[in-house]
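1. task: produce atomic coordinates for the following.
(chains A and B)
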Amino acid sequence: MLTVSVKWQKELLKVVEVDTSQPPYVFKCQLYDLTGVPPERQKIMVKGGLLKDDDDWSIVGLKQGQKLMMMGTADEVVKAPEKGPVFMEDLPEEEQVVSLGHSAGLFNLGNTCYMNSTVQCLHSVPELKSALVKYSHSGRNNDVDQTSHMLTVATRDLFGELDKSVKPVAPMQFWMVLRKKYPQFGQLHNGAFMQQDAEECLTQLLYTLSQSLRSLCSSESIDTVKDLFGIELASRIHCQESGEESSETESVYSLKCHISQEVNHLHEGLKHALKSELEKASPALGRSAIYLKESRINGLPRYLTIQFVRFFWKRESNQKAKILRKVDYPLELDIYDLCSDELRKKLEGPRQILRDNEGRKLGLKANEKSSSSKDNDVKMTDAEGSSNASGESSMTISQEGGPSEKEKHLTGIYDLVAVLTHKGRSADSGHYVAWVKQESGKWIEFDDDNPIPQREEDIVKLSGGGDWHMAYICMYKARTVSM
Amino acid sequence: MSDPKNDAGTSQPKAPANDPKKKEEEDLSEEDLALKQQLELYVERVQDSDPGLQKVALESMRHEIRTSTSSMTSVPKPLKFLRPHYGTLKSFYVTMPDSNLKNYLADILSVLALTMSAEGERESLKYRLLGSEGDIGSWGHEYVRNLAGEISQEYIKRQSEEAPIEDLMELVQQIVSFHMKHNAEPEAVDLLMEVEDLDLLVEHVDKANFKRTCLYLTSAARYLPGPDDMLVLDIAYTIYLKFEEFASALQIALSLDNMQHVRQVFTSCDNQLKKMQFCYILARHGITFELDDEMVADDEDREALQDIINNTKLSESYLTLARDIEVMESKSPEDIYKAHLLDGRASTGASVDSARQNLAATFVNAFVNAGFGQDKLMTAPADSSIGGSTGNWLFKNKEHGKTSAAASLGMILLWDVDSGLAQIDKYFHSNDNHVIAGALLGVGIVNCGVKNDCDPALALLSEYISKEDSSVRIGAIMGLGIAYAGAQNEQIRSSLTPILNDAKAPLDVIAFTAISLGLIYVGSCNEEVAQAIIFALMDRSESELGEPLTRLLPLALGLLYLGKQESVEATAEVSKTFNEKIRKYCDMTLLSCAYAGTGNVLKVQNLLGHCAQHLEKGETHQGPAVLGIAMVAMAEELGLDMSIRSLEHLLQYGEQNIRRAVPLALGLLCISNPKVNVMDTLSRLSHDSDSEVAMAAIISLGLIGAGTNNARIASMLRNLSSYYYKDASLLFCVRIAQGLVHLGKGLLTLNPYHSDRFLLSPTALAGLVTMLHACLDMKAMVLGKYHYILYLIVLAMQPRMLMTVDENLKPLSVSVRVGQAVDVVGQAGRPKTITGFQTHSTPVLLAACDRAELATEKYIPLSPILEGHVILKENPEYREDS
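-> So this is what the prediction gives:
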């Protein structure tokens, strides 16, 4: 009988008797009693080797008082999970998009950055996407001409492709159809396609889509595009000379922001643009007179598009020149004071709820700071909370989607979701880029085939005043409340 | 360092000689005029025929000269006034009959020659030898210095003529003894080095000056060529031993890599405490050393000492340090990436796992939590309900990624063999070969630098090296290589060498076997291993020779001769017979390894020459040549700075394959030492248009900041992570670098140099060099399926701490001053050794170039260099002030 000491993990089993007449397995069983490690899991190290169950003790050469080391645990053996994780590298391409967090870029087909950026901006409107998905070949109505139909289909296919791929997409089909429908985009200059105005592209595209998508649901007479982008304007036309007054309503797809010496901020530009002077024949005076046209918004869209009127025709240089003036625009836009009285009344309720909601949210955070919720400086607190709130609100809207639409009420408050910028000195040159907010709340700069993540604070820096990219079209998304 | 005496010998005499004579006379004060006339009178009298008068004149002249030599700033007046008469006296000397007086005159002429002798004439020496051989010091310091300069010139001349030198040596004796008595040890050493007779020094050192002498010797050794440096160190060793400064003697023995000397230190010292300190020094150096009963008689004492050498308590003191600094809490890779500081640009929180990024997280987690025994991915409580539990994270890695994941457990439990093996054990029973391979590698990593009586690593791994699956085999083989680096274990050699020449073994198994053998026999010049690797190289087919993996074979061969200089020549000769595809690569690798850490300028130039050539496409040998420059030049500061500048040139004029290696070379030169200029260069290169240059630069940013938590590098890397967020390969490199910067949460260093940059740990360097060679072909190795080669840096990982312990080896907190090290070699008096210091209490972290000194007199350290573990002894003479 020898006695040895066995080191196991941090423990030292001091006196363990070894019966050298029995095989080592018996010794292991002894250790099993002491440590609870089953013999088959035990690894006993004897000077540079492992002790086997059927070793001969005499060969092992055990000495009295020798120190042995045992390795082994009674722990459960690690098993691979039945369903291994899926790795991004193994995924098919379309699923990699999801993990990428943004959709693909578009190849420039030769001065088509205006088109690419327009498409990227529109692509960020989920409602438009779902409407397009519903549009099918068979649904073609007779009032839609062939080319419009083809353009709609091309748009739908392009949107689908953008969602599916990780790598940049070449919008060949769309580009061809667009040129067919609107030959002005196929203008050539020195054998190459010319740069075009992105605003024109957007307007035409929206017009075509509104035509084809309206006809689809003719039975319900819902105009998807108008519903999404259409702005009802109520105008009062007033002639100072004669005192004549008339009113008219119109529907537009975008608000203009006029830029002049006094305009430093988007809000001022919008106000400016809603007041205009026009010359027309006055029936009372029997000659043409100056009329003052004052418009108010009478119906709000879900997506508010604003165009900065940066380009004007410069006769002397015979080109569309650009106003580089810096015009700030906010991430959160409130157009309450541009609305008609009628609309204001409608907005009152939802706005109060929104205010309460946000007040509550902030109040919770700031230990029931009840005073702030009542105060008139809600706006300020709004602004503080906007960065978190905007992300969340846009999420909720997109989730709830179609069916609950009716319960959603507009509030007149809008969040910036896309900016189309232009860099360069004239409309027919330079470079267009789209900056789009993703559903995750991150901003991506779509510079043709190259999507680049950007920070939110850099987005508001695109307000002009230099040779950097400057906002040309802004797209805002309505913040809604459910009642 | 040998400049001063030459300056004194040649340039001084001429300076005032050209002054117009007239002006001189005008300016003279009355006193001076009197002196001048007096001296002129003496000169005249000397030429008198009356010997009595002559004698008086000489005596007075001599008196005048001796009393006036005190001034150091200008030529002494008597000498100045005697200058015009030098020629007269010289010619008179020739005519004089032999007599005492003639000797007297010779003495005076010898002194006058100090300022008058034409260059190269060595008249001072000539007349000295002819003179009376009186006390040399009586003529002043300047005279002796000048004489020393002339002796060394004369010595060279006589050597070439094979003339006798006895008379010179007698003079040398006198001069050395004079210097040594007058705090001019460097001059004495310089002179003796010139006349190649350093042994003389031993007789002249005494208790007061031996430290300064040895300090000068050891630092001069770095700049000496060939065998001279060894000789100088040997003298220093002898002197230290003579004055029983054993710890310093041991350090020199280690730098000589002379185990006989190490034994001698142990046998000559009979103090158990001091021996313990020796053991700590040996343990830090990372060599395997067995004590026997001759060195330590008592069994129990020996066991205690051997335990220290075996690093069994390293984990414990590392954790003590961590607790003291309060960094025990585990960090997750996200804590390192700090993505929240990069809002917007960072990749969006991916909903799907990326295998590459998870692998990066595995490495980051392993590096950051290295040695802490706990982390948030691998060792987190196995509660399967929570997301990041053990099993889950392992299986969040793909195929070979699981190998690195399982092995990372070894890194986390580094040095803690007992609990490490217990935790790794469960992976041995996995049915996935990749996991088993990782577990085997993990066992090797846990045992890195730690030896155990039972040899658990050998016992566990040896049965796997002949398994069928090659990933399991590689795991076991690499594990052995890491666990037994430098051990020169015969048993492992006999089981590994057959694999090298096994025709059926796949290339990767052979390559890793060679590397492991190279690590185990690092710097041993072992013939058998060298033979086996050479045969393995010769057996490779033409196509295999083109594989990046094959390039590990020459490296393995080089590791065998790491730092062994000429010993490599026989093998280098053999390498000339290799296939031309690998021949030059092999040449460069052998050369750079053999001279690694020597600072040999000639070899650096040789390697630079290779880099200057513009090659055909497909040649790869310039990569190792560039790394070689760093390996050779990293030995001392001056050479290091010079080679940083040379590498800068290579960047501008070199070919692409050179540019790819330059960042890695910079990384090695400044490892764990983030010099700002290098950081800037690497930062610039990290945006290079060539992605391989950028990758190498990024990894090197990690290397230079390794274990420093350097905020500037950390923020650079953070920005790079957003810059390269789309490029998976570059992002992987950025992550690895981030992990390296926070290595061991900033408690570890990768610097293979330690003990005041004096000693080079061969295993540490071997690990780093292998890792860097793998990085030369990033795509094939690190980004391919051999990423676990990154774990080789574990060989260089050491806590960068100063831990003071009492006589029972229990941690003892005392206040120390830590500051920038100052080079005090050859400086007069007792200069401050550190500057800009702060006072801390131990344990304390030491940055690169930091030095510590005790701030209290209460204790006496047993090691001259305060680094790593230092045993403190109470100072018996200490009295509390109050």
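2. burial check on residue B:296, number of neighbours?
-> Neighbourhood size, residue B:296 [other Cβ atoms under 10 Å in any protein chain shown]: 21. In short, each C-beta sits where N, CA and C put it, glycine included.
3. contacting residues around it?
-> By Cβ atoms under 8 Å, 6 or more residues apart in numbering or on different chains, the contact set of residue B:296 is B:266, B:275, B:302, B:305.
4. which residues of the stretch 651-800 of chain B score low on pLDDT?
-> Within the stretch 651-800 of chain B, no range satisfies pLDDT under 70.
5. which element is the closest residue to chain A within it on?
-> Residue nearest to chain A within the stretch 651-800 of chain B: residue B:725 (7.4 Å; Cβ to the nearest Cβ). Element membership for residue B:725, per DSSP states H and E: none, as it lies in no helix or strand.
6. count of residues packed around it?
-> If you count neighbours by other Cβ under 10 Å, residue B:725 ends up with 19.
7. got phi/psi on it?
-> phi -60, psi -20 (degrees, to the nearest 10).
8. isn't it up against residue B:731?
-> Yes. Residue B:725 lies in contact with residue B:731 (Cβ atoms under 8 Å); the separation is 6.3 Å.
9. now the element after the longest helix along chain B, going C-ward?
-> Ordering each helix of chain B by length in residues (DSSP state H) puts helix B:141-161 first. With elements assigned by DSSP H and E, the helix or strand that comes after helix B:141-161 is helix B:166-181.
10. all strands of the stretch 301-450 of chain A, in order?
-> Counting by DSSP state E, counting those that start in this stretch, one finds strands in the stretch 301-450 of chain A at the ranges A:303-308, A:311-314, A:319-322, A:332-334, A:408-423, A:431-437, A:443-447, A:450-454.
11. wait, which of those strands is closest to chain B?
-> strand A:450-454 (5.1 Å).
12. for residue A:474, which three-state class applies?
-> Put simply, residue A:474 is strand when judged by DSSP: H, G, I helix; E, B strand; the rest coil.
13. residues contacting it?
-> Neighbouring residues of residue A:474 by Cβ under 8 Å, 6+ apart: A:266, A:305, A:306, A:308, A:329, A:416, A:418, A:419, A:420.
14. now the residue of the stretch 151-300 of chain B with the smallest separation from chain A: closest residue in space that isn't a chain neighbour?
-> Nearest residue of the stretch 151-300 of chain B to chain A: residue B:299, at 12.3 Å (Cβ to the nearest Cβ). Closest residue to residue B:299 apart from its sequence neighbours, by Cβ to Cβ, 6 or more residues apart in numbering or on different chains: residue B:293 at 7.8 Å.
15. wait, isn't that neighbour in contact with residue B:302?
-> Yes. Taking contacts as Cβ under 8 Å, residue B:293 lies within contact range of residue B:302: 7.0 Å.
16. neighbour count winner among those two?
-> More crowded of residue B:293 and residue B:302, by other Cβ under 10 Å: residue B:302, with 17 against 9.
17. and the residue lying closest to the more buried one once chain neighbours are set aside, what's its pLDDT?
-> Spatial nearest neighbour of residue B:302, excluding adjacent residues (Cβ to Cβ, 6+ apart): residue B:296 at 4.1 Å. In this model, residue B:296 is scored at 86, pLDDT.
18. SS state for residue B:296?
-> Assigned with three-state DSSP, residue B:296 falls in the coil class.
19. tell me the mean pLDDT over stretch B:318-326?
-> Averaging pLDDT along stretch B:318-326 gives 92.
20. ranges for the helices of the stretch 201-350 of chain A?
-> Per DSSP state H, counting those that start in this stretch, the stretch 201-350 of chain A carries helices over the ranges A:224-229, A:266-274, A:341-365.
21. what about the residue of the stretch 651-800 of chain B closest to chain A, distance to residue B:534?
-> Using Cβ to Cβ, to the nearest Å, residue B:725 is found at 46 Å from residue B:534.
22. follow-up on the earlier one: so can I have CSV of the strands of the stretch 301-450 of chain A showing distance to chain B and mean neighbour count?
-> Shown next, in CSV, are the strands of the stretch 301-450 of chain A (distance: least, Cβ to the nearest Cβ, whole Å; neighbours: other Cβ atoms under 10 Å in any protein chain shown):
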stretch, distance to chain B, mean neighbour count
strand A:303-308, 23, 24
strand A:311-314, 30, 13
strand A:319-322, 28, 17
strand A:332-334, 18, 18
strand A:408-423, 15, 23
strand A:431-437, 11, 25
strand A:443-447, 7, 24
strand A:450-454, 5, 19
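23. of all the ones you listed, which one comes closest to residue A:113?
-> For the strands of the stretch 301-450 of chain A, proximity to residue A:113 was assessed by Cβ to Cβ; strand A:431-437 is nearest, at 4.5 Å.
24. burial check on the residue in the stretch 351-483 of chain A positioned nearest to chain B, number of neighbours?
-> Nearest residue of the stretch 351-483 of chain A to chain B (Cβ to the nearest Cβ) works out as residue A:455 at 3.2 Å. For residue A:455, the neighbour count with other Cβ under 10 Å is 13.
25. how close does it get to residue A:423?
-> Per Cβ to Cβ, residue A:455 is found 19 Å from residue A:423.
26. residue A:109 now?
-> Residue A:109 is 19 Å from residue A:423, by Cβ to Cβ.
27. just name the most buried of the helices of the stretch 201-350 of chain A.
-> Neighbour counts (mean count of other Cβ atoms under 10 Å in any protein chain shown) averaged over each of those peak at helix A:224-229, with a mean of 21.
28. list the helices and strands that helix packs on?
-> helix A:126-134, helix A:198-216, strand A:303-308 (3 or more Cβ pairs under 8 Å, 6 or more residues apart in numbering or on different chains; DSSP states H and E).
29. who does the last one pair with, and is each partner parallel or antiparallel?
-> Meaning strand A:303-308. Note on strand A:303-308: by DSSP bridges, its sheet partners are strand A:255-257 (parallel), strand A:470-482 (antiparallel).
30. now those strands as JSON lines including mean pLDDT?
-> Shown next, in JSON lines, are the strands paired with strand A:303-308 (pLDDT from 0 to 100):
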{"stretch": "strand A:255-257", "mean pLDDT": "87"}
{"stretch": "strand A:470-482", "mean pLDDT": "88"}
